[in-house]
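**Q** below is the structure, and that's it, no one-letter string:
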Ligand code: P6P
């Protein structure tokens, strides 16, 4: 009797998931496969960034005399090109592009999905070798199939997402994505060039011991948030010790730790950034969709991030996200302050 091998590739996994829905066409699986392909190509460049003169020198030429691209430009161009050749993507929007991009070939025009992405989030950390990542969000288009995509396809609220996730280029390269069914993590096995299932059915712990925020901005935070940060730094009654503070300054890295270990990640509004810093459509919404699918919670301070109706492609939002109990405690402090302020 042949022993069933333990290794399940992402393609095999997505096909197995699709088989649970007889009416499914496999297009979403195909799209996830294409995003995975693009990220494997990005990974190849990220892994040699320190060796090849590709750090921040757009326009330089390397030893092969090739036109050098900054890594984030390379990542953006790779995702646009791979998704253009996909048979499952009608168009994209990117942190690096002012407007969305329509694909005009027949396959693309007749595709039912659009993808938004931050091609290389945290790229300022590349030259210090900290983890960085690609963040993506997949919507079913609202415009007519067969026609070019429209602005409205990319301004849908996060509660309309079909799938979302990230690839983290860390000590290993992992693709983590959520569908409406579950959250699963796949680690790149370089020897076969495949993402293989390594973290099935990820759940974010309901409580954690880590809070993550750029505390250097705290003089600009509201009193309620400052009160919450003081609570985090006090001896925590349940834990008998203060929480730990961890902040990498790369959203994908801070979010991945929060998802796996539990905790809370915050990028709030402050007096100089009234809407915070992080972008709604290709940073906060995909992370909120994934975190909620994993049993965590996300908020902009006044409600669920996924319920925000976008008006601009690159709009920003405050974000409080992670273990349900910790996000609720933070909101308690901030809402109490708001109540007192009323
Ligand atoms: P700050 C990276 O530049 C980024 O967009 C996110 O990845 C990260 O969470 C945030 O900005 C860090 O911002 O202001 O703390 O340096």
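**A** Everything's here; your move. What you see is a predicted model; the values in this text were computed from it and never measured. Residues are numbered from 1 along each chain as shown.

**Q** near the ligand, which residues of the protein show up?
**A** 121, 122, 124, 214, 249, 250, 251, 254, 277 (Cβ under 6 Å from any ligand atom). The way it works is simple: take the backbone N, C-alpha and C, and place the C-beta from them, glycine included.

**Q** same thing but 8 Å
**A** Listed as neighbours of the ligand in the chain under the rule Cβ under 8 Å from any ligand atom: 118, 121-125, 132, 214, 216-217, 247-254, 265, 267, 277-278, 283.

**Q** mind listing which of these are in strands?
**A** If you go by DSSP state E, the residues of the chain next to the ligand have 118, 121, 132, 265, 267 in strands.

**Q** keep only those of the residues of the chain next to the ligand that are in helices.
**A** 251, 252, 253, 254 (DSSP state H).

**Q** make JSON lines out of the ones in strands among the residues of the chain next to the ligand and add pLDDT and neighbour count.
**A** Output for these, formatted as JSON lines (pLDDT from 0 to 100; neighbours: other Cβ atoms under 10 Å):
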{"residue": "118", "pLDDT": "96", "neighbour count": "28"}
{"residue": "121", "pLDDT": "93", "neighbour count": "26"}
{"residue": "132", "pLDDT": "94", "neighbour count": "27"}
{"residue": "265", "pLDDT": "98", "neighbour count": "28"}
{"residue": "267", "pLDDT": "98", "neighbour count": "23"}
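
**Q** what is the nearest of those to the ligand?
**A** Set against the ligand, the nearest of these by Cβ to the nearest ligand atom is residue 121 (4.6 Å).

**Q** list the contacts of that closest one.
**A** By Cβ atoms under 8 Å, 6 or more residues apart in numbering, residue 121 lies in contact with 95, 132, 133, 134, 135, 166, 250, 251, 252, 283.

**Q** hmm, back to that, list just the nearest of the ones in helices among the residues of the chain next to the ligand to residue 234.
**A** Closest approach between these and residue 234, by Cβ to Cβ: residue 254, at 22.3 Å.

**Q** isn't that closest one up against residue 266?
**A** No: applying Cβ atoms under 8 Å, one finds residue 254 not in contact with residue 266, separated by 9.6 Å.

**Q** quick check: neighbours shared by the two?
**A** What both residue 254 and residue 266 touch, as defined by Cβ under 8 Å, 6+ apart, is the set residue 212.

**Q** can you count the residues close to residue 235?
**A** 8 (other Cβ atoms under 10 Å).

**Q** list the contacts for the closest residue to residue 155 other than its chain neighbours?
**A** Excluding its sequence neighbours, the residue lying closest to residue 155 (Cβ to Cβ, 6 or more residues apart in numbering) is residue 310, at 4.5 Å. Residues near residue 310 by Cβ under 8 Å, 6+ apart: 155, 156, 157, 280, 281.

**Q** hmm, residue 307 and the third one touching each other?
**A** Yes: with contact taken as Cβ under 8 Å, residue 157 and residue 307 are classed as touching, separated by 6.2 Å.

**Q** partners of residue 135 in the sheet?
**A** Here residue 135 shows beta-bridge partners residue 118, residue 166, assigned using DSSP bridges.

**Q** tell me which of the contacts of residue 121 is nearest to the ligand?
**A** For the contacts of residue 121, the nearest to the ligand is residue 251 (3.4 Å; Cβ to the nearest ligand atom).

**Q** distance of that closest one from residue 284?
**A** The spacing between residue 251 and residue 284, counted by Cβ to Cβ, to the nearest Å, is 9 Å.

**Q** now the common contact residues for the two.
**A** Joint contacts of residue 251 and residue 284 (Cβ under 8 Å, 6+ apart) are residue 278.

**Q** check contacts around residue 15.
**A** Residue 15 sits next to 26, 29 when contact means Cβ under 8 Å, 6+ apart.

**Q** helix, strand or coil for it?
**A** helix (DSSP: H, G, I helix; E, B strand; the rest coil).

**Q** state the pLDDT value of it.
**A** Listed pLDDT for residue 15 reads 85.

**Q** any figure for the gap between it and the ligand?
**A** Applying Cβ to the nearest ligand atom, to the nearest Å, the value for residue 15 to the ligand is 32 Å.

**Q** looking at the stretch 1-150 of the chain, which residue is nearest the ligand?
**A** Residue nearest to the ligand within the stretch 1-150 of the chain: residue 122 (4.0 Å; Cβ to the nearest ligand atom).

**Q** ok, that residue touching residue 256?
**A** No: in this structure, residue 122 is not within contact of residue 256 by Cβ under 8 Å, at 11.3 Å.

**Q** joint contacts of those two?
**A** Taking Cβ under 8 Å, 6+ apart as the criterion, residue 122 and residue 256 both touch 131, 133.

**Q** at the geometric centre of the chain, which residue sits there?
**A** Centroid check for the chain by Cα atoms, centre = their mean gives residue 135 as the closest residue, at 3.5 Å.

**Q** ok, that residue - contacts?
**A** Contacts of residue 135 (Cβ under 8 Å, 6+ apart): 117, 118, 121, 165, 166, 251, 252, 282, 283, 286, 287.
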